[in-house]
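> Model the following, please.
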Amino acid sequence: DGGGDAALAAAPGRAQVFATVVNTFLEKLVTAGSYQRFASCYRCFYKLQPQLTRSIYDQFISQLQASIKEEIQEVKNEGNLEGLFSSLDKIVEEAKDQEEPAWRPSGIPEEDICSTMLPYLLKHRSHLCRALREKEEQNTKVAESVLMGRDRIAELQQLIQARQQAWQ
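Down below sits the predicted model:
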């Protein structure tokens with residue numbers, strides 16, 4: 001699967017970029033903390049034993065690098081950065097196929113919320129209008145049924161009165 005490796009080399013993933021940034025940081029840290037600076041801080045000790053000073057410097061730098069790498073690895077593990085980086089890479093890859101642009105905030109919260117919420121609110125409005133029409137139709141049917149019931153009660157009352165008068 002040599003084609004996949006070539007694509008990865010052409011466009012490194014975010015995890016690879018992060019690792020490169022960390023390594024570059026460590027290189028610059030070692031450069032900034034050069035042996036000359038270390039020796040100048042411990043000048044008296046350096047004058048007495050330059051080889052031991054060099055050995056201490058080398059141990060210090062290697063332990064510092066190991067400690068920093070360990071801390072960064074802990075942060076990567078705790079934050080699940082590897083998984084998040086790969087998820088972000090997948091999202092970016094999927095977004096390449098989309099024709100409509102991704103949503104970007106304008107910097108004006110009122111406009112951002114309106115543009116985001118408008119489709120949802122319009123859909124909700126149409127749902128509520130449909131529900132209102134259904135309830136109005138039900139109310140009309142219930143009102144007609146109540147009127148028919150009242151008419152039937154009036155007819156029955158008239159019938160009762162007529163029979164009552166006929167009985168008397």
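> domain assignment for this structure?
Domain assignment of the chain by the TED database yields the ranges 14-95, 138-167.
> Could I get the ones you listed in a markdown table, plus columns for mean pLDDT, mean neighbour count and distance to Pro109?
Glycine gets a C-beta too; all of them are placed from N, C-alpha and C. Below are those laid out as a markdown table (pLDDT from 0 to 100; neighbours: other C-beta atoms under 10 Å; distance: least, C-beta to C-beta, whole Å):
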| stretch | mean pLDDT | mean neighbour count | distance to Pro109 |
| --- | --- | --- | --- |
| domain 14-95 | 88 | 12 | 24 |
| domain 138-167 | 95 | 10 | 41 |
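> okay if I get those domains as JSON lines plus distance to Ile108?
Formatted as JSON lines, the entries for these read as follows, by distance: least, C-beta to C-beta, whole Å:
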{"stretch": "domain 14-95", "distance to Ile108": "24"}
{"stretch": "domain 138-167", "distance to Ile108": "43"}
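> between those domains, which one is nearest to Arg130?
The closest of the domains of the chain to Arg130 is domain 138-167. By C-beta to C-beta, the value is 12.9 Å.
> Quick one: the strands in this structure, in order.
Using DSSP state E, the chain contains no strands.
> Going by length in residues, pull out the top helix of the protein.
helix 109-167 (DSSP state H).
> That helix: how far from the chain's middle?
Its chain's C-alpha centre and that of helix 109-167 lie 43 Å apart, by C-alpha atoms, centre = their mean, to the nearest Å.
> One more: stretch 22-40?
Distance of stretch 22-40 from the chain centroid (C-alpha atoms, centre = their mean) equals 37 Å.
> what residues does that stretch touch?
By C-beta atoms under 8 Å, 6 or more residues apart in numbering, the residues outside stretch 22-40 that reach it are 46, 50, 53-54, 57, 60-61, 64-65, 68-69, 72.
> now do the same end-to-end measure for that stretch.
According to C-alpha to C-alpha, to the nearest Å, stretch 22-40 extends 27 Å from its N-terminal end residue to its C-terminal end residue.
> Of the domains of the chain, which is nearest Pro119?
Going through the domains of the chain one by one, with C-beta to C-beta as the measure, domain 14-95 comes closest at 19.3 Å.
> where's the closest one relative to the chain centroid, distance-wise?
That offset, for domain 14-95, works out to 30 Å (C-alpha atoms, centre = their mean).
> Other residues contacting stretch 67-84?
Identification of contacts with stretch 67-84 by C-beta under 8 Å, 6+ apart yields 15, 18, 22, 26, 29.
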